[in-house]
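>>> Sequence first, then the predicted structure:
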Amino acid sequence: MCGIAGLIHRGQSSDVGSELTAMLQSLKHRGPDSTGFALYGEPRKGEHVMRFKVAEQEDMRSGFQIHDQVKERKAEVDRRLEEMGARKISEDTATEYAYRYWISFDGDMKKLADYVEDVEGAEILSIGNALELVKDLGDATVVSDQYGLGTFQGTHAIGHTRMATESDVDIRSAHPYWAYPFNDISVVHNGQLTNYWGFRREMERRGHRFMSNCDSELIAVYVADRIEQGDDLEAAMRRSVDELDGVFTYVVATADQLGMAKDVMAAKPMVLYESDEFVALASEEVAIRSVFPHEIDTYDPYEGEVMVWQS
């Protein structure tokens, strides 16, 4: 079932953390197992923000030994960043197992990410100039409060509420997905791809890696791959509607754009509100009305439709 949502402010920053929290909380009934946020803030010149974890939430209940292991894993991540020439500018501890670093690095980002993720239990959720990706177990309010997202200022954001059906209830299986190792590309998705494995093998042959068996991650990698080959976001998404089989609605974000695509059968719901200053979209209208409680006009995008908005 799951719920997806996105919003973008045109030409200004706003309280996207609290806005997206409200939208996702109103979709809790579509997916209570985990919640994820991809938030886009103001870039810092020459710097990247890295969100990563060194354990799963449920691991922390296994006793004192895991706490020692978490400290050792984090120390090893720090050592490897330094070894690769990345300078840590600042550090925030989000939870006992999840961290937020601002780093300065001008080398090969894929090599850096691969080396960090070679640490046992380590997973980079995102590296970006603007993107910060946060996901964890619980509903939107729980995750937002846990990671202090209510005060996040930015231009746009996308998010997901997940009901686990075919995979585990853990952070790795939660959405959104970052298009590793591409800066600032993230995707949320409702639906199912029937040609997932064929396209995944093609992407792997092209050198891409996958952290999960979730078809939503494939969409993120597919879009990033098309952009790397020269497509703009809209062209990449239009191509995806033709090449990805199944029933799907997905929302993708880059550093300065928000996009939405529906398959040609339009079986998965999407409701949209658009004004000159603001765009909001979600699986259900109730999510948009959590941000705009007054009278507004919403509409459903057509089958096979692709739309892109600029921040």
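Nice, I can see it.
>>> show me where this structure has helices.
16-25, 64-83, 109-117, 140-147, 196-205, 215-228, 233-243, 285-289 (DSSP state H).
>>> of these, which approaches residue 155 most closely?
helix 16-25 (7.1 Å; C-beta to C-beta). C-betas here are computed from N, CA, C, even on glycine.
>>> quick one on the thing from earlier: as a markdown table, the helices of the chain with mean neighbour count would be great.
What follows is the helices of the chain, written out as a markdown table (neighbours: other C-beta atoms under 10 Å):
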| stretch | mean neighbour count |
| --- | --- |
| helix 16-25 | 24 |
| helix 64-83 | 15 |
| helix 109-117 | 17 |
| helix 140-147 | 20 |
| helix 196-205 | 14 |
| helix 215-228 | 23 |
| helix 233-243 | 17 |
| helix 285-289 | 20 |
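>>> how about those in TSV, adding distance to residue 265?
Compiled in TSV, the helices of the chain are given as follows (distance: least, C-beta to C-beta, whole Å):
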stretch	distance to residue 265
helix 16-25	25
helix 64-83	44
helix 109-117	36
helix 140-147	29
helix 196-205	17
helix 215-228	16
helix 233-243	11
helix 285-289	21
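>>> Could you dump the ones you listed into TSV with mean pLDDT added?
Shown next, in TSV, are these (pLDDT from 0 to 100):
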stretch	mean pLDDT
helix 16-25	97
helix 64-83	93
helix 109-117	93
helix 140-147	95
helix 196-205	93
helix 215-228	92
helix 233-243	96
helix 285-289	96
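>>> Nearest to residue 183, out of the ones you listed?
The closest approach between residue 183 and any of the helices of the chain, judged by C-beta to C-beta, belongs to helix 109-117 at 7.5 Å.
>>> Of the helices of the chain, which is nearest residue 274?
The nearest among these, by C-beta to C-beta, is helix 285-289 at 10.4 Å.
>>> pLDDT score for residue 32?
pLDDT for residue 32: 78.
>>> contacting residues for the closest residue to residue 120 other than its chain neighbours?
The shortest distance from residue 120 to any non-neighbouring residue, by C-beta to C-beta, 6 or more residues apart in numbering, is to residue 73 (6.6 Å). Residues in contact with residue 73 (C-beta atoms under 8 Å, 6 or more residues apart in numbering) are 54, 55, 119, 120, 121, 122.
>>> Isn't the last one up against residue 77?
Yes. Assessed by C-beta atoms under 8 Å, residue 122 is found in contact with residue 77 at 5.8 Å.
>>> between these two, what contacts are shared?
Taking C-beta under 8 Å, 6+ apart as the criterion, residue 122 and residue 77 both touch 52, 54, 116.
>>> The last one contacts residue 79, doesn't it?
This points to residue 116. No. The pair residue 116 / residue 79 is not scored as a contact, 10.1 Å apart, by C-beta under 8 Å.
>>> is it true that residue 33 touches residue 137?
Yes. Using C-beta under 8 Å, residue 33 is in contact with residue 137, at 6.9 Å.
>>> And for residue 87, the neighbour number?
11 (other C-beta atoms under 10 Å).
>>> Just list whatever residues bridge to it.
Beta-bridge pairing of residue 87 under DSSP bridges involves residue 104.
>>> Same check on residue 279?
residue 8, residue 274.
>>> Which pLDDT value belongs to it?
Value for residue 279, per-residue pLDDT: 97.
>>> For it, give its distance to residue 309.
For residue 279, the distance to residue 309 (C-beta to C-beta, to the nearest Å) stands at 5 Å.
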